[in-house]
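A.B. asks: quick one, fold the following:
(chains A and B)
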There are 2 protein chains.
Amino acid sequence: MPKYVYLFTEGNAAMRNLLGGKGANLAEMTNIGLPVPQGFTVTTEACTRYYEDGKTIAPEIEQQIYEAMEKAEKIAGKKFGDINDPFLVSVRSGSRASMPGMMDTILNLGLNDVAVEGLAKLTGNERFAYDSYRRFIQMFSDVVMEVERRLFDAELDKIKEEKGVTGDTDLDANDMKEVVRRFKAIYQKEKGEEFPQDPKVQLMESIKAVFRSWDNPRANYYRRMNDIPYDWGTAVNVQAMVFGNMGDDSGTGVAFTRNPSTGENKLYGEYLMNAQGEDVVAGIRTPNPIITMHESMPEVYDQFVSIAEKLEKHYRDMQDMEFTIERGKLYMLQTRNGKRTAAAALKIAVDLVNEGLISEEDAVLKVDPLQLDTLLHPNFDTKALGEATPVATGLPASPGAGAGEVYFTAHEAAQAAKEGKSVILVREETTPEDIEGMDLSKAILTARGGMTSHAAVVARGMGRPAVVGCHDIFIDEAAKKMTTNKGEVFHEGDTISIDGTTGKVYRGLIPTVDAAVTGDFATLMDWADKARRLKVRTNADTPRDTKQAVEFGAEGIGLCRTEHMFFEASRIALVREMILADTEEQRREALRKILPMQQKDFEEMFIALEGRPMTVRYLDPPLHEFLPQKNMTEEIDALAKQLGTSKEKIIEKIEALHEFNPMMGHRGCRLSVTYPEIAEMQTRAVLQAALKVKKDTGMKIVPEIMIPLIGTKKELAYVKQVVMDTAEKIFKEQNDEIEFMVGTMIEIPRACVTADEVAEEAEFFSFGTNDLTQMGFGFSRDDATKFLDSYYEKKILESDPFARLDQNGIGKLVETAITLGRKGRPGIKLGVCGEHGGDPSSIEFFHKVGLDYVSCSPFRVPIARLAAAHAAINEKKA
Amino acid sequence: MPKYVYLFTEGNAAMRNLLGGKGANLAEMTNIGLPVPQGFTVTTEACTRYYEDGKTIAPEIEQQIYEAMEKAEKIAGKKFGDINDPFLVSVRSGSRASMPGMMDTILNLGLNDVAVEGLAKLTGNERFAYDSYRRFIQMFSDVVMEVERRLFDAELDKIKEEKGVTGDTDLDANDMKEVVRRFKAIYQKEKGEEFPQDPKVQLMESIKAVFRSWDNPRANYYRRMNDIPYDWGTAVNVQAMVFGNMGDDSGTGVAFTRNPSTGENKLYGEYLMNAQGEDVVAGIRTPNPIITMHESMPEVYDQFVSIAEKLEKHYRDMQDMEFTIERGKLYMLQTRNGKRTAAAALKIAVDLVNEGLISEEDAVLKVDPLQLDTLLHPNFDTKALGEATPVATGLPASPGAGAGEVYFTAHEAAQAAKEGKSVILVREETTPEDIEGMDLSKAILTARGGMTSHAAVVARGMGRPAVVGCHDIFIDEAAKKMTTNKGEVFHEGDTISIDGTTGKVYRGLIPTVDAAVTGDFATLMDWADKARRLKVRTNADTPRDTKQAVEFGAEGIGLCRTEHMFFEASRIALVREMILADTEEQRREALRKILPMQQKDFEEMFIALEGRPMTVRYLDPPLHEFLPQKNMTEEIDALAKQLGTSKEKIIEKIEALHEFNPMMGHRGCRLSVTYPEIAEMQTRAVLQAALKVKKDTGMKIVPEIMIPLIGTKKELAYVKQVVMDTAEKIFKEQNDEIEFMVGTMIEIPRACVTADEVAEEAEFFSFGTNDLTQMGFGFSRDDATKFLDSYYEKKILESDPFARLDQNGIGKLVETAITLGRKGRPGIKLGVCGEHGGDPSSIEFFHKVGLDYVSCSPFRVPIARLAAAHAAINEKKA
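C.D. replies: Numbers count the residues shown, from 1 in each chain, chains lettered A, B, ... in the order given. As a prediction, this is how the structure comes out:
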């Protein structure tokens, strides 16, 4: 029979997968002799088993739990339900990956009508004992038994009103006994049975509740956002309670060994005296900086500093620690590698190398590629910001600038964001339920909470700018209104701008500028470049984007979408003339006018690339995308005038171009098959531009011509012949030549399974994983949102296959195409230019299957470079 | 160096692939001692080489041709360009598969200004010699040099006018000399050079023209229609001329060893005295029945009869022969297995077995599965036909009945047919250019030509009803009008009905009834059933279709599309109520009302199947297909009234259901994932019906529940769970159980490459090759027509992948799914229910890859049975 339960003394840090992060680290801290309240961990395998067994805990697991409980009692020298000195525990979730606040916690478990008396006797504090009991009843009822929390809150308010007091602290021991009595009555009414007095029942129900919480909507959303597999499950930690709320010699806090915002090597944290942990995290009282503990409790402070140093050296990383002081004695409740901003991550990684603690490659692994996004995100344009006066100021919890329309609930914010609005979420304080709204907002502003409050921690993790604890604002959620202490009023939909680096809030939309990156960034990216094998190119359609990408380290263009060049106002008219032509001659006439414009674009891009390669994709979208909609009367009138025809004829043409499933219609290479003159024009534009820039600058240029949407070898052979014939003509006309390549996008399933044949014609493959995902799944990207939420909810899909490559299915098509492609043309160049080319987990896959390069949007280039390095280093380590 | 040219004495019938059908048979006839004008064949490989070499004939092939020419001269004892006895040849195409009239022929080659005098001397007939020369000039100019034929026709008309005569025969030798002079002048004017006098030049240019003709549009269309690969190429036969137009002891004809319409074992054919072969085929003069030759030339007739018998025994099949009599001497110009009607094919095949000439399996192979279609096609409802008086009567050239609107050109007929009209093509006579229009018409009517005219031969091959040589009608193509000899007038678009079995033409649309099949049919199908391994099921959605299919030999239902049951007027209202429901409860309410109707359908179908298996596919199409269009105001008003809501709300819902690419949208199993209550209802309908029929009749029923559009294992697992839970409930409610299976359609590329996983949940796979072709190619079936013509024209595709499975690409996905599926579930049941299940070439593939069954529409069932037998027998023979 597998072992499902481990005492803290039985585990260690390496057992993370089995014990979860929290459990493994509690064991590790125990091993290295730190003061940890003892207890045990129910493993993640027990959680998986719980779901396999139809959401029940198997008898043998129950047995192991009871046995561990008895051992824990012995270690603590206390007994569950003891009338003199009762054993009380906390029950906390803890999965392999950190999921802060995502799952449920129960404190003070073990209290009942007898034990509460024991606690009172032991502490000599009856009020404390009953206060703890009433908290436990409320928490257990809410979290474990799903009795609505507000029933208890309302009852408490009622008692306070009866007593004529306002604060909880104004209630005395007898009042608390009354609270307990009424809370138990609520429980009895709601559940039809008495509040459970048996600590074993309390414990088993609580463990089940933690297991259940693995499957709650906010946990599912968080996992999807962070690529955490559902089948990992969560462990449950049962730990002896210690109390930070036993008086003025008690307290609780959270600290980081280095500053998680800047990376500065200095202990950073907050604590509250006479409080329980949840008070700090929930941000209900504003806590004190950790340094002040040096004055208030110097011995404890010194002990804590030395533990922090020991932990950082031990884990070779910045630690995020939770501690409690019970009557002057320090207890460590948790340590983990701390979440940090991108800037902090870079600084800490580089510093740890300089301090000799880790290698360069380890440093590279310490920075999450996705996090770089925040670094590269724009900040306010200082000129535009100018002397702008903030309307309010709060804590600068997560750096970066964001501007948008104000919404006061996460749900409404999410709705508005889905409609395409830029949204700022403004809340009294955030809760785990708000996760989706936070993710979809440009920035977050809260009126309460500290630097380690939920809003702050989550926003930093997401790389979302946030200002928290902004006491200058008053929020009326019901009226959808925010008022500043200067009397300025903002309603839903009004615009504000937020600076998460300074904590300042402004009225209106302030323009932003690109972020400047630090020296640590350059250092780390150098290390990353040394480590990676994959080349990183960019998807760029303009000289400006090209320059930006080259600055970010792009090694060429992997995808230049020529159609994007067609949408400019001066060109769209000619493109429409081309599309609406009745004859090939008319079409050629329009193309003749487009040619010099497109050629000029390519010339500028070749120059911007300074000799780096460029892959040019030929016209791809269905032609109707360039035409006005049928109901755009004015545009149609103008078009009719321009072309000297009637609007009826234009409408007729628009109707003729209508398609039932345009994604699988007349587009891509199919356009070049029916209208080879388009491919001729584009070949002229590319090759004439290359010849000119070569002549003007002496740069060596080898254009890569990419034919999209190829499904059969013969399609490619046909279009390639058009390209070759045109090239021959140009070279003869100009009496000059240039080397070039002709390849294809691989984005049609049929091309994957016949890639050996396609490769006979193609000098390179570039995987178009967007379309390959569409055709491979049969999911229209534009329509799939209608059912994908159901797919997540029902665990059919764990992540959006358009954001993260479906390695198991679409990945197989990619692998087949690689194997066959190499068979058809040994040494064929292979890349990817779908949006997955900028997604770290997909990049790892592309590294593994042996692509030569990935191509992504300019701002994703550094992310891709780092992710490619991660893939290479992890492979070496494995 | 390969041998590219074979004398007739060097080849044989087995060399069909290299020499083409005509060339191989000319060699075979030579071998068995029949009187064949000698010559040589340029191979199909030379044709392929011609295209590879950029449409030129390589010097070594030219060399071989000249060598063969010299040998042929020696055999004939004549010399090219001889002034006394010139060697004249015909140049004819001849590919592996018969393509009647598809490619070009040149006669009388070798004539020039000198040789014409030799021919005159030799024959003592100057008029004949110059008539032959002018025919050659015209034919060579038109076919080889692309000088327009009408220029020559106009000049000839002009000369006749000058002479004051009407017929060609009224022109004397001197007139013919003038014709030759003027024709040569036309050539000189058009081509800028003299008409070529060198027979070598004439020959080489003619051979190139035949090679070129392999690639002309009508040949391409014919190949696509008949699944003939482009890369086969055509051979060229160069054969000594013999002349059927040398006087009244000369003639030419075409005959079949058995009647090609009925199969009757009796020589059947036509001939014309003093005529060249083209006169018979073109239907310009109406020829005499072959039997009359018994009177006119008894010796030749007897010789011909004995040759015909010898050939039929030799080839063990009905032969289609061309012959010429030159001055009383019989020459065989061609023999081949004759095209025949389906009824004739059956009778001949069965008779040949009874005559001891062939085996049962050979007989099965002699009937083309596709041809059965004509047998199964409806004829006129005799009641509706009643005493209807025909407006005209012609030759019953191709059996079956058809009705539709009259069109007078093949192009307009094709256009109208593509717009969805039922079309009757009415022509003076048809030409090979008319092929597409003929194919798209319901029936064909011509005013001229005999039973072996172009129209008759082609229509029989296509299985299209045809009446030819209908002298009762007069056609004015320019005025788009047809007048009968009784004065009835029909304009374009007027309706007529045609009986190709009786030759009668009626005004208006006469309803048709299903064909009754003959005893030969049953006999042959029995032999086919003995031979085949594949089972044949049907796609049927109604008890009526089910019964029809069972009569045709269906062994079960492979696809019951449940949505088709929803379109009935009484049901669509409830379906709409279900779709427009705002809540799950409203949806369930509507489903509760639909359930008994759907259950009743299934009960009737189970009964009609008498214990045969039935695969029920759950709801598949996107829901908006059930709703009225936005602009259908009346329907929307009615719907609003029915549902007690506003029309604005209905329109809003319709808009909300709009999809950009519905084929890849919210449909198939995705509906069951978002609305599991639909799958619950359908499970109830299927299982409750099965339980009821089992109880009522004692039949053993094992329903096969099929979930469509599965892309991932988890999708199937989810929907299957809904089915299993519902089944459990039903069995408990009814206290009765029934065995059933749950499987899936394989139609999403991702499902193919993860079929091992999918098979863990699926008890059977049924390939939905329609959708698999759509997603695999990325071709929207509804939109692909816009570019597929270009694809055919440019040889990128040779056939419609929706009609004939693309074995090379989509077939690979199928094979992958089979291999993986068997890995995931050894012995998994495999079938196909896409339209390819009724296509013979696709069926051969499905046999090869080892499917258990194909499923097709009821009328295709016999075709599929026969095609499955072909596949099995051919496999055994290979």
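A.B. asks: quick check: residues of the stretch 601-750 of chain A near chain B?
C.D. replies: When proximity is defined as Cβ under 8 Å from any Cβ of the partner chain, the stretch 601-750 of chain A approaches chain B at A:659-666, A:670, A:673-674, A:709, A:711-712, A:714-715, A:718, A:747-750. (Glycine included, C-beta is placed from N, CA and C.)
A.B. asks: ChimeraX command for the buried members of the residues you listed?
C.D. replies: This is how ChimeraX selects the buried members of those, with burial counted by 16 or more other Cβ atoms under 10 Å in any protein chain shown:
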select /A:659,661,662,663,664,665,666,670,673,674,709,711,712,714,715,718,747,748,749,750
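A.B. asks: against A:E477, how distant is the closest residue to chain B within the stretch 501-650 of chain A?
C.D. replies: In the stretch 501-650 of chain A, the residue that lies nearest chain B is A:P622 (8.9 Å; Cβ to the nearest Cβ). Counting by Cβ to Cβ, to the nearest Å, the gap from A:P622 to A:E477 is 46 Å.
A.B. asks: and what of A:I32?
C.D. replies: 47 Å.
A.B. asks: now do A:W527
C.D. replies: For A:W527, the distance to A:E477 - Cβ to Cβ - is 47 Å.
A.B. asks: also A:D434?
C.D. replies: Counting by Cβ to Cβ, the gap from A:D434 to A:E477 is 12 Å.
A.B. asks: with neighbour numbers in mind, choose between these two.
C.D. replies: A:D434 (24 against 12; other Cβ atoms under 10 Å in any protein chain shown).
A.B. asks: thought A:I444 was touching A:A466?
C.D. replies: Yes - the pair A:I444 / A:A466 is scored as a contact, 4.2 Å apart, by Cβ atoms under 8 Å.
A.B. asks: common neighbours of these two, please.
C.D. replies: A:S398, A:A455, A:A459, A:I498 (Cβ atoms under 8 Å, 6 or more residues apart in numbering or on different chains).
A.B. asks: please name the nearest non-neighbouring residue to A:E760.
C.D. replies: Nearest residue to A:E760, sequence neighbours excluded (Cβ to Cβ, 6 or more residues apart in numbering or on different chains): A:G824, at 5.1 Å.
A.B. asks: repeat that for A:A573.
C.D. replies: Nearest one to A:A573, counting by Cβ to Cβ, 6+ apart, is A:Q642 at 5.9 Å.
A.B. asks: quick one: the one you found from A:I650, how far?
C.D. replies: From A:Q642 to A:I650 the distance is 10 Å (Cβ to Cβ).
A.B. asks: same thing with A:S213?
C.D. replies: Relative to A:I650, and taking Cβ to Cβ, A:S213 is found at 59 Å.
A.B. asks: and these two? Which one has more around it.
C.D. replies: Under the criterion of other Cβ under 10 Å, the comparison of A:S213 against A:I650 puts A:I650 first, with 23 against 19.
A.B. asks: list the contacts of the more buried one.
C.D. replies: A:L580, A:I636, A:L639, A:A640, A:L643.
A.B. asks: the third one: which element?
C.D. replies: Read that as A:L639. In the assignment (DSSP states H and E), A:L639 maps to helix A:633-643.
A.B. asks: contacts for that helix, please.
C.D. replies: Outside helix A:633-643, the residues that touch it by Cβ under 8 Å, 6+ apart are A:A573, A:R576, A:E577, A:L580, A:P628, A:K630, A:S646, A:K647, A:K649, A:I650, A:I651, A:I654.
A.B. asks: give me that answer again for 10 Å
C.D. replies: A:572-574, A:576-577, A:580-581, A:586, A:590, A:627-630, A:632, A:645-651, A:653-654 (Cβ atoms under 10 Å, 6 or more residues apart in numbering or on different chains).
A.B. asks: ok, the residue of the stretch 501-650 of chain A closest to chain B - contacts?
C.D. replies: With Cβ under 10 Å, 6+ apart, A:P622 has these contacts: A:657-659, A:662-668, A:670-671, B:783, B:786.
A.B. asks: the same query, at a cut-off of 6 Å, please.
C.D. replies: With contact taken as Cβ atoms under 6 Å, 6 or more residues apart in numbering or on different chains, A:P622 is in contact with A:P662, A:G665, A:H666, A:R667.
A.B. asks: among those residues, which two are most distant?
C.D. replies: Farthest apart among these by Cβ to Cβ are A:P662 and A:H666. That separation is 8.0 Å.
A.B. asks: any idea of the pLDDT on A:E610?
C.D. replies: Note on A:E610: pLDDT of 94.
A.B. asks: for A:E70, same thing?
C.D. replies: Looking at A:E70, the pLDDT reads 94.
A.B. asks: in which helix or strand would I find it?
C.D. replies: Per DSSP H and E: helix A:59-76 holds A:E70.
A.B. asks: can you show me the helices along the stretch 651-800 of chain A?
C.D. replies: Assigned by DSSP state H, counting those that start in this stretch, the stretch 651-800 of chain A shows helices spanning A:669-674, A:676-697, A:713-734, A:749-753, A:755-761, A:769-777, A:781-793.
A.B. asks: which strands and helices sit next to the shortest one?
C.D. replies: What it means is helix A:749-753. Secondary-structure packing of helix A:749-753 (3 or more Cβ pairs under 6 Å, 6 or more residues apart in numbering or on different chains; DSSP states H and E): helix A:810-824, helix B:769-777.
A.B. asks: can I get the ones you listed in TSV including mean neighbour count and distance to A:D104?
C.D. replies: Formatted as TSV, those follow (neighbours: other Cβ atoms under 10 Å in any protein chain shown; distance: least, Cβ to Cβ, whole Å):
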stretch	mean neighbour count	distance to A:D104
helix A:810-824	21	35
helix B:769-777	26	43
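A.B. asks: now tabulate those in TSV and tack on distance to A:F87 and mean pLDDT.
C.D. replies: Output for these, formatted as TSV (distance: least, Cβ to Cβ, whole Å; pLDDT from 0 to 100):
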stretch	distance to A:F87	mean pLDDT
helix A:810-824	51	98
helix B:769-777	61	96
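A.B. asks: adding distance to B:F195, write the ones you listed out as JSON lines.
C.D. replies: As requested, the helices and strands packed on helix A:749-753 are arranged in JSON lines below (distance: least, Cβ to Cβ, whole Å):
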{"stretch": "helix A:810-824", "distance to B:F195": "50"}
{"stretch": "helix B:769-777", "distance to B:F195": "50"}
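A.B. asks: show me the residues around A:L591 that make contact.
C.D. replies: With Cβ under 6 Å, 6+ apart, A:L591 has these contacts: A:M578, A:E677, A:M681.
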